[in-house]
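Undergrad: how would this look folded up:
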Amino acid sequence: MPIRAVLWDIDDTIFDYSSSDRIGMTRHFAAEGLPGGYDTVEQALGRWQELTRLHWGRFAAGESTFDEQRRDRIRDFLGTDVPDSEADDWFARHVSHYEAAWALFPDAVPVLDALSEGYRHAVLSNSSIRNQDRKLRVLGVRDRFEAVLCAAELGVSKPDAAAFHAACDALALPPHQVAYIGDHPDIDAQGAVAAGLTGIWLDRSGEGGRPDLVSVSGLDQVPELLRGNTRFGAPDTFG
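TA: Sure thing, here's the model as predicted:
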């Protein structure tokens, strides 16, 4: 059966999260100064990114709630056990700078346009609906997606098959008729494959090294891939 719908990851897939986070945090430091224990902006940014991966991993594994992972990340970053209210206020000040830097990748809208006629679209994200629905609306693309499903509300995260199956259920389609596109080879592409979907790894940095996965280096390659062109690192049996 042909692919009838495309499920999308958001952060670092259609939305340039890494650049927005970096710009936002740099502006936050400029406004408030570097927290104690950091000598340079680069050192602080590196630690923030490290802690983001750590605490998102804990959230994805069900070891903390969405709000708990954020507060724990801030406490570790600041090196002090601040109350919840102070952690929330610190993050809110950061968010004002972060949101001012929000941007889609240049290839996001063109590929959504190119796929608008032949495919249905939805989102599956390891975040929360309050974050991602608003983000898509501010960026002007929320109406492109029939449904937006997020781990915080589902109670299960990618790469768990139940997360992918919940998204397929929302589309009323079997997994083999759905493709999933995301920037992480294991959480996104391999997780989708294990759940019975067609997983596509968006390898923007050219990392490579995963011949077992269908991969593209840019979203502009996705329309041809879905039509059966195998030159972008897809197995010959794709589609």
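Undergrad: mind checking how far the lengthiest helix in the chain is from the chain centre?
TA: Across the chain, the longest stretch assigned as helix under DSSP state H is helix 41-60. Computed by Cα atoms, centre = their mean, to the nearest Å, the separation of helix 41-60 from the middle of its chain amounts to 15 Å.
Undergrad: let me know the average pLDDT across stretch 26-44.
TA: Mean pLDDT, computed over stretch 26-44, is 94.
Undergrad: endpoints of it, how far apart?
TA: Across stretch 26-44, the terminal residues are separated by 9 Å (Cα to Cα, to the nearest Å).
Undergrad: for stretch 8-27, same thing?
TA: Terminal residues of stretch 8-27 are spaced 29 Å apart (Cα to Cα).
Undergrad: how about that stretch: buried residues?
TA: Of the residues in stretch 8-27, those with enough neighbours to count as buried (16 or more other Cβ atoms under 10 Å) are 8-17, 20-27. For every residue, glycine as well, the C-beta is placed using N, CA and C.
Undergrad: also stretch 206-214?
TA: Buried residues in stretch 206-214, counted by 16+ other Cβ under 10 Å: 213-214.
Undergrad: got the CA coordinates for that stretch in CSV?
TA: Output for stretch 206-214, consisting of C-alpha atoms alone and laid out as CSV, is shown next (Å, rounded to 0.1, in the frame of the first residue of the first chain):
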residue,chain,number,x,y,z
GLY,A,206,25.5,14.8,7.0
GLU,A,207,26.4,12.6,10.0
GLY,A,208,25.7,9.4,8.0
GLY,A,209,26.8,6.0,9.3
ARG,A,210,23.3,4.5,9.4
PRO,A,211,22.8,2.5,6.1
ASP,A,212,19.9,0.7,7.8
LEU,A,213,17.8,3.8,7.7
VAL,A,214,16.0,5.8,5.0
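Undergrad: now that stretch: how far from the chain's centre is it?
TA: Distance, centroid of stretch 206-214 to centroid of chain: 19 Å (Cα atoms, centre = their mean).
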